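Undergrad: let me see the structure of the following:
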Amino acid sequence: MSIIVIFGVSNLFCNCHPKETFKENQIDEENSKVQFKEVNITVVRKILERWDLRFVVGDDYQIVDYIVDGSILEVYIANTPNGDIRLKYDLKKNGIVDLQTHAERNLWKKEIKEETVTEEEKRRFLAIALNNSSVKKILNGRDFEVSIVKYVMYAGGKKGLDPDHVFITFKVESEVYRLLYLA
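TA: Numbers count the residues shown, from 1 in each chain. Here you go, the predicted model:
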């Protein structure tokens, strides 16, 4: 699946991670019940503040990612005194299911790198953009300049599963448009 987003010159800012809204007290301390669909970063942090987990993760930990599968919360944690940690936590039973430590640091750390766009990729990305009805409307048969930049997500030194982000910038007369394509 490919997604194309076009930004006009007045709104070039793109926040790919929208502001999260959190509901307080999502964990019912008395009944240990959680609305699983509402698990968010605040709930994950509350769980990691438990005395038994706080001892393992320390104070300067970084939550890399978390996934909820049924009642199991899986959290990937970097920058702990014990290396990187993968925690499986049962939200229903309010307890640890599995805790794996990895001495290797930054195992799950994600970083974004700019990569060179090959000529073949340039042609393919430009063809996709020019085939988009919104782009056709913006260009309206006018001459344009184009630049293409590709950013790739890496996790643990390997190419991640996240889609590549390709930014295609069109300069049409005095107007600038930036297109984001998730490849």
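Undergrad: just the strands from this structure, written as ranges.
TA: 3-7, 27-28, 33-34, 62-69, 72-80, 83-90, 95-102, 110-115, 145-155, 158-159, 165-172, 175-182 (DSSP state E).
Undergrad: ok, longest helix in the protein?
TA: Longest helix in the chain, counting residues (DSSP state H): helix 119-130.
Undergrad: elements contacting that one?
TA: Packing contacts for helix 119-130, counted by 3 or more Cβ pairs under 8 Å, 6 or more residues apart in numbering; DSSP states H and E, involve helix 133-139, strand 145-155, strand 165-172, strand 175-182. Where C-beta positions appear, they are placed from N, C-alpha and C, glycine not excepted.
Undergrad: most packed of these?
TA: Mean neighbour count, computed with mean count of other Cβ atoms under 10 Å, is highest for strand 165-172 among the helices and strands packed on helix 119-130, reaching a mean of 19.
Undergrad: tilt between it and helix 119-130?
TA: With axes from the mean of the first three to the mean of the last three Cα atoms, to 10 degrees defining the directions, strand 165-172 sits at 70 degrees from helix 119-130.
Undergrad: ok, and what's touching strand 165-172?
TA: 16, 112, 117, 125-126, 129, 135, 138-139, 142-152, 176-183 (Cβ atoms under 8 Å, 6 or more residues apart in numbering).
Undergrad: same question for stretch 119-135.
TA: Residues outside stretch 119-135 that contact it (Cβ under 8 Å, 6+ apart): 2, 4, 6, 117, 136, 139, 146, 148, 150, 166, 168, 170, 177, 179, 181, 183.
Undergrad: show me what counts as buried in the longest helix of the chain.
TA: Buried residues in helix 119-130, defined by neighbour count with 16 or more other Cβ atoms under 10 Å: E121, K122, F125, I128, A129.
Undergrad: now stretch 89-104
TA: Buried positions in stretch 89-104, judged by neighbour count with 16+ other Cβ under 10 Å: Y89, L91, N94, L99, H102.
Undergrad: swap in stretch 46-57?
TA: Buried residues in stretch 46-57 (16+ other Cβ under 10 Å): I47, L48, L53, V56, V57.
Undergrad: now, the most widely separated pair of those residues?
TA: Within those, two members stand farthest from each other by Cβ to Cβ: I47 and V56, at 12.1 Å.
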